[in-house]
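A.B. asks: here is my input; please provide its structure:
(2 chains)
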Amino acid sequence: MTTAEIREEIIDILENIAPDEDLGGLKDDVSFREQLSLDSMDFLDIVMELRKRWRVQVPEEDYQNLRSMTSTVTYLEPKMRDLKRA
Amino acid sequence: MSSPAQPVEPLAGDEVHIWLVDPDAITDPALLARYAELLNPEEVARRDRYRFDKLKHDFLVARALVRTTLSRYAAVRPAAWQFEANQYGRPEIHSPAIGGRLRFNLSHTRGLAAVAVTWDRDLGVDVESIDRRNSTLQIARRFFAPAEVDELMSFPRGEQGRRFFDYWTLKESYIKARGMGLALPLDQFAFCTQARPHVTIAFTPPLEDDPAAWQFFQDTPSPRHRLALGIRHPAHDRLRVTTRWTTPLVD
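C.D. replies: Now for the predicted structure:
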């Protein structure tokens, strides 16, 4: 997957978690918590979805990397670059 | 123009007060404009970072709730409170000095914000809307302590989705009282919600803490909301918790 594809996957996961929110103008360098009011339960959902969809494990000590879209994609790129989207 | 300081409300040493507001019920533009005047520049910037008017509104009402609530207990104008965050981002009162250490914790969810206050004890409050769309039972199976999963799954299937929020709010209240966020692994502490007369907590190494040092309280502020309060109080006497609804700057 390219970084653009990883970003699309994250958007898809966020749309399921926060269905009322239009993610079109999401700022990649601002934290999800501050823009979308995502909370701890939402972050655990993201972690679980990554595991379900792509078998990507995010250990607790790495949760802080899921702060914003930029930090999430940077963190996931080495774990996901060899994966192919269906 | 800033609001005058309100009369000081008594808060005894063994008391915790929880104030609740329904942000959806506050629609008066003049009142919301008064709330906006209470914010400091950092809060204004945080409000403006939210992408949706609904989130901006909820944030504004929650900050007004915190500031006006603190001003019930000290002769300080709501706009005058200054806060500082610990290393995990948890806010505390920085100034002004009021002759005691007033502690507070805020939680908000769809349709409800709550702030809990007490003197000089670590405390955490969590409110959740039980109609939110997360994969609740999967989160429990994956992240909760085994004893909690067993207890949760022992309830009738139709109740489990609702019961999940009892555990979640308790776990969040403890995490928030410790001031550490998800840096604290959720499977290293387990609540027993069926213990009598009160909810109990147990810890699993490497997490070291004393179950007897904590008291927990649960409430159902509305049919669609659950609330839990965790507070460090290593004594036998049970703290007295009072919960009240408010409209900041009105009542």
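A.B. asks: contacts, neighbours, all on C-alpha from now
C.D. replies: Fine.
A.B. asks: so which bits of the stretch 1-150 of chain B are right by chain A?
C.D. replies: By Cα under 8 Å from any Cα of the partner chain, the residues of the stretch 1-150 of chain B that approach chain A are B:46, B:49, B:50, B:51, B:52, B:55, B:133, B:134, B:135, B:139.
A.B. asks: mind putting these into CSV with secondary structure and neighbour count?
C.D. replies: CSV is the format used below for the residues of the stretch 1-150 of chain B next to chain A (DSSP: H, G, I helix; E, B strand; the rest coil; neighbours: other Cα atoms under 10 Å in any protein chain shown):
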residue, secondary structure, neighbour count
B:46, helix, 14
B:49, helix, 17
B:50, coil, 20
B:51, coil, 19
B:52, coil, 15
B:55, helix, 19
B:133, coil, 12
B:134, coil, 17
B:135, coil, 16
B:139, helix, 18
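A.B. asks: I'd like the residues you listed as CSV, with pLDDT appended.
C.D. replies: Shown next, in CSV, are the residues of the stretch 1-150 of chain B next to chain A (pLDDT from 0 to 100):
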residue, pLDDT
B:46, 93
B:49, 89
B:50, 88
B:51, 81
B:52, 86
B:55, 90
B:133, 79
B:134, 85
B:135, 88
B:139, 94
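A.B. asks: wait, isn't residue A:2 in contact with residue A:78?
C.D. replies: No. Counting by Cα atoms under 8 Å, residue A:2 does not reach residue A:78; the two are 10.2 Å apart.
A.B. asks: and of the residues of the stretch 1-150 of chain B next to chain A, the nearest to chain A?
C.D. replies: residue B:50 (4.2 Å; Cα to the nearest Cα).
A.B. asks: list the contacts for the closest one?
C.D. replies: A:34, A:35, A:36, A:37, B:56 (Cα atoms under 8 Å, 6 or more residues apart in numbering or on different chains).
A.B. asks: give me the lowest-pLDDT entry from those.
C.D. replies: For the contacts of residue B:50, the weakest pLDDT value sits at residue A:37, with 81.
A.B. asks: so how far is residue B:19 from the nearest residue to it once chain neighbours are set aside?
C.D. replies: Closest residue to residue A:37 apart from its sequence neighbours, by Cα to Cα, 6 or more residues apart in numbering or on different chains: residue B:55 at 7.2 Å. Separation of residue B:55 from residue B:19 (Cα to Cα, to the nearest Å): 20 Å.
A.B. asks: same question for residue A:60.
C.D. replies: On the measure of Cα to Cα, residue A:60 and residue B:19 end up 33 Å apart.
A.B. asks: the two: which has the busier surroundings?
C.D. replies: Comparing residue A:60 with residue B:19 by neighbour count (other Cα atoms under 10 Å in any protein chain shown), the higher total belongs to residue B:19, at 20 against 14.
A.B. asks: distance between the helix or strand hosting the more buried one and the chain's centre?
C.D. replies: For residue B:19, the element it lies in under DSSP states H and E is strand B:15-21. Counting by Cα atoms, centre = their mean, to the nearest Å, strand B:15-21 is centred 9 Å from the centre of its parent chain.
A.B. asks: what pairs with that strand, and is each one parallel or antiparallel?
C.D. replies: Note on strand B:15-21: by DSSP bridges, its sheet partners are strand B:112-119 (antiparallel), strand B:240-245 (parallel).
A.B. asks: what lines up beside the very next helix or strand once past the first one in the sheet?
C.D. replies: I take that to be strand B:112-119. Next along the chain after strand B:112-119, taking DSSP H and E as the criterion, comes strand B:123-129. Strand B:123-129 has its sheet partners listed here by DSSP bridges as strand B:225-232 (antiparallel).
A.B. asks: show me which residues of stretch A:22-41 are buried.
C.D. replies: A:23, A:26, A:30, A:31, A:32, A:34, A:35, A:36, A:37, A:38, A:41 (16 or more other Cα atoms under 10 Å in any protein chain shown).
A.B. asks: whoops, I mixed them up, stretch B:169-188
C.D. replies: B:169-179, B:181-182, B:184-188.
A.B. asks: bridging residues for residue B:113?
C.D. replies: Bridge pairing for residue B:113 - DSSP bridges - gives residue B:21, residue B:108.
A.B. asks: right, and it touches residue B:24 too?
C.D. replies: No. Look at residue B:113 against residue B:24 with Cα under 8 Å: they stay out of range, at 10.3 Å.
A.B. asks: of those two, who's got more company?
C.D. replies: Set residue B:113 next to residue B:24 and count neighbours by other Cα under 10 Å: residue B:113 wins out with 25 against 13.
A.B. asks: tally of neighbours for residue B:83?
C.D. replies: So residue B:83, with other Cα under 10 Å, has 12 neighbours.
A.B. asks: no, scratch that, I was asking about residue B:165
C.D. replies: Neighbours around residue B:165, by other Cα under 10 Å: 22.
A.B. asks: any chance you could map the helices in chain A?
C.D. replies: For chain A, applying DSSP state H gives helices covering A:3-17, A:32-36, A:40-54, A:69-80.
A.B. asks: chain B: which of these is closest?
C.D. replies: Across the helices of chain A, closest to chain B is helix A:32-36 (Cα to the nearest Cα), at 4.2 Å.
A.B. asks: what's in contact with the helix or strand of chain A with the lowest mean pLDDT?
C.D. replies: Taking mean pLDDT, DSSP states H and E as the measure, chain A has helix A:32-36 as its least confident helix or strand, at a mean of 87. With contacts defined as Cα under 8 Å, 6+ apart, helix A:32-36 is touched by A:21, A:26, A:38-39, A:67-69, B:46, B:49-52, B:55.
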